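Asks: Show me the folded form of this:
(one chain, ligands or ions: 2)
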Amino acid sequence: MSEIMPHIKLSLNQAAPFALLPGDPKRLERIAPYLEDVEELAFNREFKSLRGSFHGIQVMAVSTGIGGASAAIAVEELHRIGVKAMIRIGSCGALKKGIHLGDLIIANGAVRNDGASASYVDLAYPAVPDPELFVALMESARELGSVFHTGIVRSHDSFYIDDEKEVCDYWSKRGVLGSDMETSALFVAGGLRGVKTASILNTVVQYEESLEENINLYTDGESAMMRGEQTEILTALHAFVRISQNQEGRI
Ligand SMILES: O=P(O)(O)O[C@H]1O[C@H](CO)[C@@H](O)[C@H]1O
Ligand SMILES: O=c1cc[nH]c(=O)[nH]1
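Replies: Ligands and ions are numbered 1, 2, ... in the order given. Model prediction:
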């Protein structure tokens with residue numbers, strides 16, 4: 001019998017080549033309807049998982065919880081059971097005016113303000129997505145008519161620091177589009193381990209709006225944000241189909 005990973009509680013025979021990585025375990029309930037032959041796999045701590053098929057490819061969805069530490073654990077353990085490509089389908093706060101609720105941000109890099117990626121490697125190492133997966137996400141987003149922006153995001157470890165507003169303004173002034181908590185750890189762990197990674201984020205807080213209020217509305221199922229979530233799920237699934245075709249079965 002193959003080894004069961006200690007946190008995600010999955011083994012080799014449960015792997016698929018592609019994995020969607022939401023933060024919130026609840027998001028799995030909204031991913032499942034897009035897949036056929038869905039099997040629930042495991043639920044340990046923040047790591048809930050399922051597997052199914054989409055347009056002929058096998059896909060997993062595994063929640064990573066909040067923050068880079070648990071996201072990096074998910075990347076490591078999924079890599080060990082054989083997952084080759086991972087797309088974070090997350091939520092974020094915009095750092096730029098004109099990015100609206102439900103707009104998607106496809107990250108072409110992440111500011112490494114998290115602790116997990118720093119514990120892996122010097123900050124000079126870039127947090128960047130796999131180029132092929134990034135392009136596949138952009139092409140899918142265009143094909144589906146999604147409203148999306150591409151650019152740098154900032155990954156952080158806490159909302160509740162005393163100078164939160166000043167820190168957000170600092171990065172906003174430098175052209176960073178949005179903030180989340182897992183993209184940089186995903187990109188760095190994936191880069192070091194040779195896993196293809198990308199990140200697509202649904203805007204749930206507009207720049208300079210109340211964070212707590214908007215996250216509550218999102219979890220209550222308010223519509224623009226829910227539409228953004230549906231679009232990011234579909235965009236990511238189609239991106240996996242694209243790279244499976246590009247690679248002609250190599251993945
Ligand atoms: O909605 P998810 O994917 O969890 O992403 C965002 O939401 C959480 C904070 O509310 C953090 O995990 C942040 O990155
Ligand atoms: O503003 C936000 C919203 C969601 N997630 C974040 O990290 N920041």
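
Asks: So the residue lying closest to Val75 once chain neighbours are set aside: helix, strand or coil?
Replies: Excluding the flanking residues, the one nearest Val75 by CB to CB, 6 or more residues apart in numbering is Ala189, at 4.3 Å. Yep, even glycine has a C-beta here, placed from its N, CA and C like the rest. What DSSP: H, G, I helix; E, B strand; the rest coil gives for Ala189 is helix.

Asks: Please, where are all the helices along the stretch 101-250 of the chain?
Replies: Counting by DSSP state H, counting those that start in this stretch, the stretch 101-250 of the chain has helices at residues 115-120, 131-144, 164-173, 183-193, 211-219, 223-246.

Asks: Can you name every helix or strand that the fifth one contacts?
Replies: Contacting helix 211-219 under the criterion 3 or more CB pairs under 8 Å, 6 or more residues apart in numbering; DSSP states H and E are the following elements: strand 85-94, strand 196-205, helix 223-246.

Asks: List the contacts of that helix.
Replies: 24, 26, 91, 93, 101, 159, 204-206, 225-226 (CB atoms under 8 Å, 6 or more residues apart in numbering).

Asks: now do the shortest one
Replies: Around helix 115-120, the neighbours that count as contacts under CB under 8 Å, 6+ apart are 67-69, 71-72, 112, 127, 155, 157, 184-185, 187-189, 192.

Asks: Just the buried positions in it, please.
Replies: 116-118, 120 (16 or more other CB atoms under 10 Å).

Asks: Work out the gap between that helix and the centre of the chain.
Replies: Here helix 115-120 is found 17 Å from its chain centre; the criterion is CA atoms, centre = their mean, to the nearest Å.

Asks: residues in contact with the nearest residue to Val111 once chain neighbours are set aside?
Replies: The shortest distance from Val111 to any non-neighbouring residue, by CB to CB, 6+ apart, is to Arg154 (4.0 Å). Applying CB under 8 Å, 6+ apart, one finds that Arg154 lies in contact with 95, 110-111, 113, 171, 176, 178-180.

Asks: so, in contact with ligand 1 or not, the helix or strand bottoming out on mean pLDDT in the chain?
Replies: The helix or strand of the chain with the lowest confidence, counting by mean pLDDT, DSSP states H and E, is helix 211-219 at a mean of 75. Yes: Helix 211-219 is in contact with ligand 1 by CB under 6 Å from any ligand atom, via Ile215.

Asks: do the same with stretch 97-113
Replies: No: judged by CB under 6 Å from any ligand atom, stretch 97-113 stays clear of ligand 1, getting no closer than 11.0 Å.

Asks: go on, stretch 223-230?
Replies: No: Stretch 223-230 stays clear of ligand 1 (CB under 6 Å from any ligand atom), getting no nearer than 8.8 Å.

Asks: Tell me which residues are up against that stretch.
Replies: Residues outside stretch 223-230 that contact it (CB under 8 Å, 6+ apart) are 27, 30, 89, 91, 100-104, 202-204, 214, 217-218.

Asks: Likewise for stretch 30-43?
Replies: With contact meaning CB under 8 Å, 6+ apart, stretch 30-43 is reached by 8-10, 14, 20, 22, 25, 48-54, 59-61, 89, 229-230, 233-234, 237.

Asks: Would you mind checking the average pLDDT for that stretch?
Replies: On average, the pLDDT along stretch 30-43 is 98.

Asks: List the buried residues in that stretch.
Replies: 30-31, 34-35, 38, 41-42.

Asks: Flag every residue of the stretch 151-251 of the chain that's near ligand 1.
Replies: 180-182, 215.

Asks: Now for these: which two are most distant?
Replies: Glu182 and Ile215 (15.2 Å; CB to CB).

Asks: Between the two, tell me which one has more neighbours.
Replies: When neighbours are counted by other CB atoms under 10 Å, Glu182 comes out ahead of the other of Glu182 and Ile215, with 31 against 16.

Asks: give me every residue that touches the more buried one.
Replies: With contacts defined as CB under 8 Å, 6+ apart, Glu182 is in contact with 21, 23, 64, 66-68, 71, 88, 90, 114, 155, 199.
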